[in-house]
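K.L.:
Fold the following.
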Amino acid sequence: MKKQELEALAFFFKVFGDVTRLRIIQVLRTNSMCVSDIAEELKMTPSSISHQLKTLRTMNLVKTDKVGKVVYYKLSDRHIFDIFDKGYEHICERGVMK
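P.N.:
Numbers count the residues shown, from 1 in each chain. A predicted model of the protein is given here:
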């Protein structure tokens, strides 16, 4: 792999290094949701959710569907589920959760 590709990969994994972003990914596993619904679910402000969603969109982890004036967010593809699940599986196997 080239250095530029490794840097992009490092940035990609860094996105998963934030608890709020992981919580958003977890919430979006089951439903498409708008910012206010995500904020309510996570007991956070809409502006803090929007800020994190911008980062997730930049890395193509979430995509949007606009219905009227409301923008709904959902996970981009199955890869996001797989990455999340493999990371969780790894920490559970290694005893990090004890």
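K.L.:
what's near enough to touch the nearest residue to residue 41 once chain neighbours are set aside?
P.N.:
Spatial nearest neighbour of residue 41, chain neighbours left out: residue 27 (5.4 Å); criterion: CB to CB, 6 or more residues apart in numbering. (C-beta placed from N, C-alpha, C; glycine too.) Contact analysis of residue 27 by CB atoms under 8 Å, 6 or more residues apart in numbering lists 33, 38, 41-42.
K.L.:
can you give me the strands in this structure?
P.N.:
In the chain, the segments counted as strands under DSSP state E are 33-34, 62-67, 70-75.
K.L.:
any chance of those strands in CSV, with mean neighbour count too?
P.N.:
Formatted as CSV, these follow (neighbours: other CB atoms under 10 Å):
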stretch, mean neighbour count
strand 33-34, 18
strand 62-67, 13
strand 70-75, 17
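K.L.:
Ok, which of these comes nearest residue 8?
P.N.:
Residue 8 lies closest to strand 62-67 among these, at 17.9 Å (CB to CB).
K.L.:
could the strands of the chain be laid out in TSV, adding distance to residue 52 and mean pLDDT?
P.N.:
Conversion of these to TSV gives the following (distance: least, CB to CB, whole Å; pLDDT from 0 to 100):
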stretch	distance to residue 52	mean pLDDT
strand 33-34	13	98
strand 62-67	10	96
strand 70-75	10	97
